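Trainee: mind folding the following:
(chains A and B)
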Amino acid sequence: MSKEQLYDLAIIGGGAAGITAAIYAARYKLKTILITKEFGGVAMEAHNIENYPGFPQIAGIDLMKKFVDHLKKFEVDLVEDEVGRAEKNDNHFSLTTKKGKVYNSKTLIIAVGTQRRKLDLLGEEKFVNGKGISYCYTCDAPLSKNKTVAVVGGGDSAVQAALLLSKYATKIYLLLRGEKFKAEPIAIDHLLTKKNVEILYKTNVVEVSGEKFLKKIKLNSGKTLDIDGLFVEIGAVPSTFLAKQLGVAIDENSHVTVTPQMETNIPGVYAAGDIVPRFLKQLVVAASDGAIAATTAYNYLMKQSHTAKK
Amino acid sequence: MAEKKQKVVVYSTPTCTYCVMAKDFLKEHNIKFENIDVSENRKAAEEMVEKSGQMGVPVIEIGKQIIVGFDKEAIKKALNIK
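Mentor: Below is the predicted model of the structure:
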């Protein structure tokens, strides 16, 4: 391995946390690489963001394009690929991508975010990929013109999905597992003004059915709803397989355990964004995590080089 | 360069992130395409479902080939983009 192939910092993930970490790392003049399957992260799918300071109202994709444009002003190697394997060698970490490339780095920030939680129902798979069950409301909501649909969930994404759907669908059932919303009150107020949205509390979907496309859902109350589409917005689970390969500690909720400085239990490995336990999972928090992780990596590298010089 | 003359149609909706990404990708590579907003055009939406066997967007039609989703590698292959 030649010396120039060794990065100071490799960031895995190109969402808000990863991009912010890369901006900070570049400003610390660390030789940095960012590897991501796609740029923008989960925020790309938010149709409307109104709580990111400096942007009173912006679509997720537009805001994340600004993040990427900002990042491109700096000297960071950007690679669109997926890391499939992460391992620790003597004095560095090696990342192998799905395209078969190997990248080596002294430190790592894992910012790969989450994967969408599914309903976990028998037959669910039959209706995914455009057959009636959608995990991307911004993609599919506008196709619901004059249709009857249901949204599962009670958090911010579920409420935003119902709001967007209210512009298109004739009727929207919003199915909440519990008795209360977990979304922002201002968005709930807005939702309650929508005449075509019916909220069903303490409701679970227990069965999905249809021939080629989803047509019916059965609820825990025994009631059956005839629908043309089901939008699943019930949160996400952290993607921890790379962390596990490195021996990084994972907590009981499948999040990567970190210190307030974003350090994992493995020296030189940091985590940031939705993969770490957070009271509030928002863009602004992920960006903050990324900044802290990059700063901690920088301090660690400075200390290492100082020790080496002694 | 027969591949470059293939007709390219993108079935999309206005809010769909992957539709925007697919269209940006085609623009970056100077590929002319027709964009059909299936949320406005009912007939085209039905046509898209018939051709792709599903109702998710984007659907990218390149010549006779149908690509569901923003599958960059499949688009590159169909259009012979290196």
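Trainee: C-alpha only now, for contacts and for neighbours.
Mentor: Fine.
Trainee: ok, now which ones touch A:Thr97?
Mentor: A:Asp81, A:Glu82, A:Val83, A:Gly84, A:Arg85 (C-alpha atoms under 8 Å, 6 or more residues apart in numbering or on different chains).
Trainee: which helix or strand contains A:Gly222?
Mentor: Assigned by DSSP states H and E, A:Gly222 belongs to neither a helix nor a strand.
Trainee: and it, how many residues sit next to it?
Mentor: Using other C-alpha atoms under 10 Å in any protein chain shown, A:Gly222 has 9 neighbouring residues.
Trainee: separation between it and A:Leu192?
Mentor: Distance, A:Gly222 to A:Leu192, by C-alpha to C-alpha, to the nearest Å: 25 Å.
Trainee: and the helices in the chain?
Mentor: No chain specified, so I'll use chain A. With helices called from DSSP state H, chain A shows them at A:16-27, A:60-71, A:137-140, A:156-165, A:185-192, A:241-245, A:283-309.
Trainee: try again with chain B
Mentor: Under DSSP H, chain B gives helices at B:17-28, B:42-52, B:72-79.
Trainee: got the angle for the last one vs helix B:17-28?
Mentor: To tie it back to what came earlier, the one meant is helix B:72-79. 40 degrees (axes from the mean of the first three to the mean of the last three C-alpha atoms, to 10 degrees).
Trainee: and residue 45, what does it touch?
Mentor: The chain I'm using is chain A. Applying C-alpha under 8 Å, 6+ apart, the residues contacting A:Glu45 are A:Gly60, A:Ile61, A:Cys136, A:Tyr137, A:Thr138, A:Cys139, B:Cys16, B:Thr17.
Trainee: ah, I was thinking of chain B
Mentor: B:Ala45 sits next to A:Leu143, B:Tyr11, B:Val38, B:Ser39, B:Met55 when contact means C-alpha under 8 Å, 6+ apart.
Trainee: got CSV for these, with pLDDT too?
Mentor: Below are those laid out as CSV (pLDDT from 0 to 100):
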residue, pLDDT
A:Leu143, 90
B:Tyr11, 96
B:Val38, 93
B:Ser39, 89
B:Met55, 88
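Trainee: centroid-nearest residue for chain B?
Mentor: B:Ile60 (2.0 Å; C-alpha atoms, centre = their mean).
Trainee: switch the contacts of A:Thr97 over to CSV; also include distance to A:Ala161.
Mentor: Converted to CSV, those look like this (distance: C-alpha to C-alpha, whole Å):
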residue, distance to A:Ala161
A:Asp81, 30
A:Glu82, 29
A:Val83, 31
A:Gly84, 32
A:Arg85, 35
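Trainee: show me those that map onto strands.
Mentor: Using DSSP state E, A:Val83, A:Gly84, A:Arg85 are the members of the contacts of A:Thr97 that sit in strands.
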